[in-house]
Every structure is written in C-alpha cells, then in structure tokens.
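Undergrad: Structural data only, the sequence is not supplied:
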C-alpha cells in the first residue's frame, strides 16, 4: 500500500470518528419534541447503523487489495469498539443532556460485528 493511500485511510477514519463524536454530543432533540417518526429502540438501531458504517469504512480503507488478516481485523474492530465505549463514557460523564448506556454499547458492538461480516462477505464475493 502506498503512503498516500495509507494517509487517506487515516484521514477518512478520523473524519468519520469526528462525525460520530458530533452526533454523540449534540442534543438528542433540537426542538425539545420527540420526533413523530420515533419508536422505542430506534436509538439502538441508529447506534448499530452508525458503528456498522464506521466499521465498513475503516475496513475498506485499511484492507484495500488485501486479504482479511484476522489479527489486523481484530485490532481494527477492537479499536472501533473501544472508541464506542469512550463515546458512551463521554456522554455519561461530560454531557449533561446525554446519558451513557450499556445497551448502547451492545448496539454499537452489534453494528461493528455486522459491518465486519458484511465486509467479509463483500470481499469473498469480489475474490
């Protein structure tokens, strides 16, 4: 992998992590109302989609033109999961209008694992 592609992966990962940070710290309801399309458990689906997308982007950037190396993938997934836990801790301790939740962490993990499985299937289909 060239140095330029490696930097691209780092920049994309950082930008996506910043997007997740912003989404994690903004007030959950800007107007103070519950949206009309809200349903119980919707936030868990959003967590799973957010971290699943993050996983797909990071794995795509760092494993381009490479086979799934289990050790490398495990490190990447561990890093993403650690980041998701840190975001919940930030919400719990630093943001008054947010709350950290173990169920959110589990939803994050479900998204991370789903994203990894989708990338694995995609890689298998392309090879």
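TA: Nice, thanks for sending it over. Keep in mind that what you see is a predicted model, and the values were worked out from it rather than measured.
Undergrad: All the helices of this protein, residue numbers only.
TA: Listed in chain order, the helices found in the chain under DSSP state H are 3-25, 42-62, 70-93, 102-126.
Undergrad: Who are the packing partners of the second one?
TA: Counting contacts by 3 or more Cβ pairs under 8 Å, 6 or more residues apart in numbering; DSSP states H and E, helix 42-62 packs against helix 3-25, helix 70-93, helix 102-126. In this view, the C-beta of every residue, glycine as well, is placed from N, C-alpha and C.
Undergrad: Quick check: mean pLDDT of it?
TA: Confidence over helix 42-62, taken as the mean pLDDT, stands at 92.
Undergrad: Check which residues of it are buried.
TA: 44, 47-48, 50-52, 54-59, 61-62 (16 or more other Cβ atoms under 10 Å).
Undergrad: which residues touch stretch 77-91?
TA: Counting contacts by Cβ atoms under 8 Å, 6 or more residues apart in numbering, the residues outside stretch 77-91 that touch it are 17, 20-21, 24-25, 51, 54-55, 58, 98-101, 104-105, 108-109, 112-113, 116.
Undergrad: Those residues, buried ones only, as a ChimeraX selection?
TA: In ChimeraX syntax, the buried subset of those is picked out as below (16+ other Cβ under 10 Å):
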select :17,20,24,51,54,55,58,98,100,104,105,108,109,112,113,116
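Undergrad: so who does the residue sitting nearest the centre point of the chain touch?
TA: Central residue check for the chain by Cα atoms, centre = their mean: the C-alpha nearest the mean position is that of residue 51, 2.3 Å away. The neighbours of residue 51, taking Cβ under 8 Å, 6+ apart as the test, are 20, 80, 84, 107-109, 111-112, 115.
Undergrad: Model confidence for the residue nearest to it when sequence neighbours are not counted, exactly?
TA: Take residue 51 and drop its neighbours on the chain: the residue closest to it by Cβ to Cβ, 6 or more residues apart in numbering is residue 111, 3.7 Å away. At residue 111, the pLDDT value in this model is 98.
Undergrad: start at 188 instead
TA: Shifting the count to begin at 188 puts that one at residue 298.
Undergrad: Residue 298 against residue 231, yeah?
TA: No: with contacts defined as Cβ atoms under 8 Å, residue 298 does not count as touching residue 231, sitting 9.4 Å away.
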